[in-house]
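In: sequence and computational prediction follow.
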Amino acid sequence: MIRKTHDPETGFVTLTFNLAFHPTIGNITETIVLSVSSATGATWRFPVKLAVVEPPPDDIIRISGCEIGSSSSVTFQLFGQNGSVKFTAGFLKGSDSEFELSPTSGTLLESGTDFTVTYRPRIYGRQPKARLVISTSEKTVKNTRC
């Protein structure tokens, strides 16, 4: 609780809370219950609905098409902001399996770390899509349309 104010005319008490909610992925809807208990033992319950929608991607990675049985790759760099930081990387559920990523974990260096996304088509005429997420303790980078 940050603040408690009392209006002597109405008798209303206003409680101000600070709630921190840090989802790493979107499309989540959850309901939590905030319970407030008084010194006299009364309890009030307030449902709080938390809804997260997927934010737009940080970037779009475009990979050239290629023939079935061959591959096309794109390499890009990400840099650690405050020295080296550990990361995990991968494609979100629902991404097409024609895409591969290297590396999928390691240390994001201040001098830069190379990431390679490789596309290996299996079916002619499809436009597969993937959603890449690279997460560190400092930031989550989301790319789409690999």
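Out: Yes, it's here. Numbers count the residues shown, from 1 in each chain.
In: roughly how far apart are residue 41 and residue 17?
Out: 21 Å (Cβ to Cβ, to the nearest Å). Bear in mind the C-beta positions are built from the backbone N, C-alpha and C, glycine included.
In: if you count surrounding residues, which of the two has more?
Out: residue 17 (11 against 6; other Cβ atoms under 10 Å).
In: model confidence score at that one, please.
Out: Predicted confidence (pLDDT) for residue 17: 88.
In: next one: residue 144
Out: pLDDT for residue 144: 55.
In: ok, now residue 37?
Out: Per-residue pLDDT puts residue 37 at 90.
In: tell me if I'm right that it and residue 1 touch.
Out: No - contact between residue 37 and residue 1 fails when scored by Cβ atoms under 8 Å: they sit 11.5 Å apart.
In: what do those two both touch?
Out: None of the residues lies in contact with both residue 37 and residue 1 under the rule Cβ atoms under 8 Å, 6 or more residues apart in numbering.
In: burial of residue 134, as a residue count?
Out: Residues near residue 134, counting by other Cβ under 10 Å: 21.
In: please, which helix or strand holds it?
Out: Residue 134 belongs to strand 131-136 when assigned by DSSP states H and E.
In: each with direction, which strands does that strand pair with?
Out: According to DSSP bridges, strand 131-136 has the following sheet partners: strand 85-91 (antiparallel), strand 140-144 (antiparallel).
In: lowest-confidence stretch among these?
Out: Mean pLDDT is lowest for strand 140-144 out of these, coming in at a mean of 65.
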